[in-house]
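> give me a model of this one.
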Amino acid sequence: MENFNDLKYILDGFLFVFSGVLVMWMAAGFAMLESGLTRSKNNATVLTKNIALFAISCIMYYFIGYNLMYGDGSSFMGSFSTISMENGPDSGYPAAADFFFQVMFVATAASVISGTIAERMKLWPFLIFVVVLSGVIYPIQGHWTWGGTELGGLIAGFSDFAGSTIVHSVGGWAALAGVLILGARKGKYTKDGKVRPIPGSNLTLATLGTFILWMGWFGFNGGSQLALGSKADIDGIALVVADTNMAAAAGAVMAAILTQLLYKKVDLTMVLNGALAGLVSCTAGPDLGMLVAFIEGIVGGAIVVFAVPFFDKLRIDDPVGALSVHLVAGIWGTLAVGIFNPDVTIMAQIKGIVVIGAFVFIVSFIVWKILDLVVGLRVDEETEITGLDIHETGLECYPEFKKA
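Numbers count the residues shown, from 1 in each chain. Here you go, the predicted model:
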């Protein structure tokens, strides 16, 4: 080791790699959560989607997305090769470490969509959409924000530390566009407007998935400090991780209290999503202190309890509550930065939310619609009733329990 700069380079690179590993583990969390909250007849398809979307996101971001997001925004190909293999954009960390960390965020945005459209969408149209999302849609809006262009000043002053809007709401807007075209699952809503609950297959898996996501979020937010080579950096990372944990805890407790008050029972699915909503809520500003994180988490937990039935009233069928957790709580978390950070204005946050949301929703709607017209998004009624697993994957997740 020649000098202090070498040590800083090593520590900063290690932060990206270690945090990326934690965020990669979130892919398992999303898979377990979605499997637990959907029916067993669709679980093999759910698992296939989750591992495939992760792989596709990594490939597309390498060949197209990374350069589109962090380059000059004009080149679609030659992504990683246009940046030195040794040094990152500011020569302060390894480019490969930066790529590895950033690509995990792309996969996270795609995972949000998977749960929302579960149990009635064909496998391949979904995976084709992931190709477009990870290669084009996500990187373009990322270029306007983390890429540094601020869209010619239109969203100047917009602040999103780790991605309440840039990652989570982007996934939410894309999912909303898809589910509006796709429609609800058979039997979810009656003709007289009533909602029929469709219980998931395994709350143990859903709970495990939530804990995995909670753990992975420490890398998601902590790694977004983007540096580990100084006392100030490790102080910042420690605060971010502590804030992240506080927000999740507050969201879970708030959801438990509210469901007890409203339904006279504690709803575990709401508690799980309350924790996740707390995490999403603090992601835009996890560096603002534990009291702020507590408030963000409390509001996030409340959002889920009221947003889930609100979407049902609109007959928007979201099997895992992803729209409430990632879209609505993501918007709240982004606005919260404008409330609690004196250096950021509410108007700048609103403009960022509107511009990014409008772009992602409109482009996603067009892509989903084209896919629907060309290959069709939805499985046929027989497939939906008998389960997607046999028709889409040729497998059953729990074949030993098949009825004679």
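> residues touching residue 9, list them.
92, 93, 94, 229 (Cβ atoms under 8 Å, 6 or more residues apart in numbering). In this view, the C-beta of every residue, glycine as well, is placed from N, C-alpha and C.
> for the chain, give me the ranges with low pLDDT.
1-5, 72-91, 402-404 (pLDDT under 70).
> repeat the analysis, applying 80 as the threshold.
1-5, 72-92, 193, 400-404 (pLDDT under 80).
> follow-up on the earlier one: take the contacts of residue 9 and write them to a markdown table, including secondary structure and neighbour count.
Output for the contacts of residue 9, formatted as a markdown table (DSSP: H, G, I helix; E, B strand; the rest coil; neighbours: other Cβ atoms under 10 Å):
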| residue | secondary structure | neighbour count |
| --- | --- | --- |
| 92 | coil | 16 |
| 93 | coil | 26 |
| 94 | coil | 20 |
| 229 | coil | 21 |
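> could you check how far residue 273 is from residue 307?
9 Å (Cβ to Cβ, to the nearest Å).
> which of these two has more neighbours?
residue 273 (32 against 21; other Cβ atoms under 10 Å).
> element containing the more buried one?
helix 268-283 (DSSP states H and E).
> can you name the next helix or strand after that helix?
Next element after helix 268-283 (DSSP H and E): helix 290-313.
> how close does the nearest residue to residue 142 once chain neighbours are set aside get to residue 394?
The shortest distance from residue 142 to any non-neighbouring residue, by Cβ to Cβ, 6 or more residues apart in numbering, is to residue 69 (4.2 Å). Computed as Cβ to Cβ, the residue 69 to residue 394 distance reads 37 Å.
> the more surrounded of the two?
For residue 69 and residue 394, the more surrounded residue by other Cβ under 10 Å is residue 69, and the numbers stand at 23 against 8.
> now for whichever strand or helix holds that one, which elements pack on it?
Counting by DSSP H and E, the element that carries residue 69 is helix 66-70. Applying 3 or more Cβ pairs under 8 Å, 6 or more residues apart in numbering; DSSP states H and E, one finds that helix 66-70 makes contact with helix 95-116, helix 138-144.
> return the alpha-carbon coordinates of stretch 281-297 using PDB.
This file holds the C-alpha atoms of stretch 281-297, laid out as PDB (Å, rounded to 0.1, in the frame of the first residue of the first chain):
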ATOM      1  CA  SER A 281     -40.100   5.500   3.000                       C
ATOM      2  CA  CYS A 282     -36.700   6.200   4.500                       C
ATOM      3  CA  THR A 283     -34.700   5.300   1.400                       C
ATOM      4  CA  ALA A 284     -34.800   8.800  -0.100                       C
ATOM      5  CA  GLY A 285     -33.500  10.300   3.100                       C
ATOM      6  CA  PRO A 286     -31.900   7.700   5.300                       C
ATOM      7  CA  ASP A 287     -29.200  10.200   6.500                       C
ATOM      8  CA  LEU A 288     -31.600  12.500   8.300                       C
ATOM      9  CA  GLY A 289     -31.500  11.000  11.800                       C
ATOM     10  CA  MET A 290     -33.400   8.300  13.600                       C
ATOM     11  CA  LEU A 291     -36.200  10.500  14.700                       C
ATOM     12  CA  VAL A 292     -37.000  11.500  11.100                       C
ATOM     13  CA  ALA A 293     -36.700   7.800  10.100                       C
ATOM     14  CA  PHE A 294     -39.100   6.900  12.900                       C
ATOM     15  CA  ILE A 295     -41.600   9.400  11.500                       C
ATOM     16  CA  GLU A 296     -41.100   8.300   8.000                       C
ATOM     17  CA  GLY A 297     -41.600   4.700   9.100                       C
END
